[in-house]
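K.L.:
Sharing a model that was predicted from the sequence below.
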Amino acid sequence: MPKFIRMKERFILLFMTVLFLFLSHSVMAVPITTITPDSLSREKAKLLTGEVIVVLSNLEEGVTGVEGQIYIAAPPKKVWEVLTDYNNHKYYIPNVIDSGIISDNGIETVMFEKGKTRMFIFQKEIYIKMKVWGENLTRLCFQQITGDFKVYQGEWLLVDYPQGAGTFLTYKAEVKPDFYAPQFAVKKVQTRDCPLMLSAMKKQAEANNETALPSSNQ
């Protein structure tokens, strides 16, 4: 009986050794993929040519999903300054007629914007008060507190592109007005207004970046 137990123990030990060697070989055989800074998706390559990409989707309960992307020839710091310049949005973002900071505790900002939107032959003023927070230079989240939307929330994402000394800027939002507006009409408005907003951010950030650059004749 002890001899049988010893043989069983040797078999288990041998089996475990073979299994360990097999697993070790399998793990070592897996290639490691290195993503280099200049690796670009086809989508980002389009953005570098100046294209603005906007994708819309139908979410649950009549909410419209919006995702817009643009490339800005300015570093994340300059883009961030434009995004968070709430008191001056009214001066360079189309359809914003008033904007400003209500409070700021250093972690979360409460701000407001008053704008106008056109739907077919109708024009309507829209007010929104929202909280804004995020991670410096990379992510800025927003959510309505009160206003003319049942749902208005999302985020801005900034991705540095060192080769072009620029930034890929992405806008993501979930939108549902608190007034009657068919979803196809909301999508039509977003298709028109989202590129205008992104292009305005781009223009302002690039202008601020040029101002900050040292003069070539200095």
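P.N.:
Happy to help now that I have it.

K.L.:
hang on, residue 155 packs against residue 139?
P.N.:
Yes: with contact defined as C-beta atoms under 8 Å, residue 155 reaches residue 139; the gap is 6.0 Å. Bear in mind the C-beta positions are built from the backbone N, C-alpha and C, glycine included.

K.L.:
contacting residues around the nearest residue to residue 93 once chain neighbours are set aside?
P.N.:
Leaving aside its sequence neighbours, residue 93 sits nearest to residue 200 (C-beta to C-beta, 6 or more residues apart in numbering; 4.9 Å). Neighbouring residues of residue 200 by C-beta atoms under 8 Å, 6 or more residues apart in numbering: 92-94.

K.L.:
in a helix, that's where residue 200 is, yeah?
P.N.:
Yes: remark: residue 200 belongs to a helix, assigned using DSSP: H, G, I helix; E, B strand; the rest coil.

K.L.:
Next, work out how far apart it and residue 122 are.
P.N.:
Distance, residue 200 to residue 122, using C-beta to C-beta, to the nearest Å: 23 Å.

K.L.:
Which one (most neighbours) among the contacts of residue 200?
P.N.:
Among these, residue 93 has the most neighbours (other C-beta atoms under 10 Å), with 22 neighbours.

K.L.:
from what I can see it touches residue 201, true?
P.N.:
Yes: checked against C-beta under 8 Å, the pair residue 93 and residue 201 is within contact range at 7.5 Å.

K.L.:
So what touches the host helix or strand of residue 91?
P.N.:
Element membership for residue 91 (DSSP states H and E) is helix 89-92. Residues outside helix 89-92 that contact it (C-beta under 8 Å, 6+ apart): 96-99, 113, 200, 203-204.

K.L.:
Same question for stretch 115-123.
P.N.:
95-97, 124-126, 128, 181, 185, 188-189, 193.

K.L.:
Between the two ends of it, what distance do you get?
P.N.:
Using C-alpha to C-alpha, to the nearest Å, the span of stretch 115-123 from its first residue to its last is 10 Å.
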